[in-house]
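In: need a structure here:
(4 chains)
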Protein chains: 2
Amino acid sequence: MKHSKDIQPHCPMGATLAILSGKWKLLILTHLTTGKKRFSELQKCIPDITQRMLTMQLRELEALKIIHRKVFPVIPPKVEYTLTDIGFSLQPVLNHLESWGEHYLKEVLTVPDKV
Amino acid sequence: MKHSKDIQPHCPMGATLAILSGKWKLLILTHLTTGKKRFSELQKCIPDITQRMLTMQLRELEALKIIHRKVFPVIPPKVEYTLTDIGFSLQPVLNHLESWGEHYLKEVLTVPDKV
DNA sequence: CAGAATCCACAGCGATACTG
DNA sequence: CAGTATCGCTGTGGATTCTG
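Out: Model prediction:
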């Protein structure tokens, strides 16, 4: 059991977490739900990410079959990223995560936090 | 923006992820959904975790108001951990995550992975 | 344009020993 | 029993430079 990236077929949670872990995957996924994006477009959407990280996370997501990478053999290079079917099926999950997050923040910020 | 632990009130996703990140939080949460547990009980439930890590993750979850820590001032010490209301509200989210994970694993393992 | 390669800092996690 | 304290490894992510 080296790190959390190892996906065991027996552990759905581990698989899910492997997909959601990483600092930028959520952002990338979110932006891809609005349609296909080129590498440079993603960079604009997520200004703080470096090329290196964007590349790495995209490759991971590709290996996990969450996104598809379409390379156009042209000069200058052009690559388009799209969600796969499985990738799209993540959307409701992400929404659920987000709506819970809102609920959580509201609750926690409401509680007077008695020390 | 140092690391992903920093929760911004504006980002529900970030909050949610901060809660789910960490190697053991899911396990701990899962075990606590079945009722209150003492420190030593959690250790038995999760044999591979070290005291240090168990302590750390529990403290994080406590700070995030996901669990409650009840200390009994007795000798020997006794501490009970329970889920807070917000902690309990996480359950459906976790189930959703898990069921998607199952779906995902089934799909991905099915696809012949054409290279 | 879309990356690959290299170098590096630091957070996460683990092992072990000690304590009220 | 339920923790601290200390040490160290390793992986993740960042900055920068180079390329087809």
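
In: From now on I want contacts and neighbour counts done on CA atoms only, so please keep to that.
Out: OK.

In: Can you show me the CA trace of the helix or strand where residue A:100 lies as PDB?
Out: Here residue A:100 sits within helix A:91-110, counting by DSSP states H and E. C-alpha atoms of helix A:91-110 as PDB (Å, rounded to 0.1, in the frame of the first residue of the first chain):
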ATOM      1  CA  GLN A  91     -21.200  15.400 -12.700                       C
ATOM      2  CA  PRO A  92     -24.000  14.600 -10.300                       C
ATOM      3  CA  VAL A  93     -21.500  13.400  -7.800                       C
ATOM      4  CA  LEU A  94     -19.600  16.600  -8.000                       C
ATOM      5  CA  ASN A  95     -22.800  18.500  -7.700                       C
ATOM      6  CA  HIS A  96     -23.600  16.500  -4.600                       C
ATOM      7  CA  LEU A  97     -20.200  17.200  -3.200                       C
ATOM      8  CA  GLU A  98     -20.600  20.900  -3.800                       C
ATOM      9  CA  SER A  99     -24.100  21.200  -2.400                       C
ATOM     10  CA  TRP A 100     -23.100  19.400   0.700                       C
ATOM     11  CA  GLY A 101     -20.100  21.800   0.900                       C
ATOM     12  CA  GLU A 102     -22.400  24.800   0.800                       C
ATOM     13  CA  HIS A 103     -24.600  23.300   3.500                       C
ATOM     14  CA  TYR A 104     -21.500  22.500   5.600                       C
ATOM     15  CA  LEU A 105     -20.100  26.000   5.300                       C
ATOM     16  CA  LYS A 106     -23.400  27.600   6.200                       C
ATOM     17  CA  GLU A 107     -23.800  25.400   9.200                       C
ATOM     18  CA  VAL A 108     -20.200  25.700  10.400                       C
ATOM     19  CA  LEU A 109     -20.100  29.400  10.000                       C
ATOM     20  CA  THR A 110     -23.400  29.800  11.800                       C
END
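
In: residues making contact with that helix?
Out: A:33, B:9, B:11-16, B:65, B:86, B:90, B:93, B:96-97, B:100 (C-alpha atoms under 8 Å, 6 or more residues apart in numbering or on different chains).

In: got the residue ranges for the helices in chain A?
Out: A:12-20, A:25-32, A:39-45, A:51-63, A:85-88, A:91-110 (DSSP state H).

In: and the gap between the closest residue to DNA strand C within chain A and residue B:43?
Out: In chain A, the residue that lies nearest DNA strand C is residue A:40 (3.4 Å; C-alpha to the nearest atom of the strand). Using C-alpha to C-alpha, to the nearest Å, one obtains 47 Å as the distance from residue A:40 to residue B:43.

In: try residue A:61
Out: Per C-alpha to C-alpha, residue A:61 is found 34 Å from residue B:43.

In: for residue A:34, same thing?
Out: With C-alpha to C-alpha as the criterion, residue A:34 and residue B:43 are 44 Å apart.

In: Compare neighbour counts for these two and give me the winner.
Out: residue B:43 (16 against 10; other C-alpha atoms under 10 Å in any protein chain shown).

In: just checking, that one touches residue B:55?
Out: No - if you go by C-alpha atoms under 8 Å, residue B:43 and residue B:55 don't touch, sitting 10.2 Å apart.

In: Alongside chain B, which residues does chain A contribute?
Out: Counting by C-alpha under 8 Å from any C-alpha of the partner chain, the residues of chain A close to chain B are A:4, A:9, A:11-16, A:21, A:23, A:65, A:86, A:90, A:93, A:96-102, A:104-105, A:107-108.
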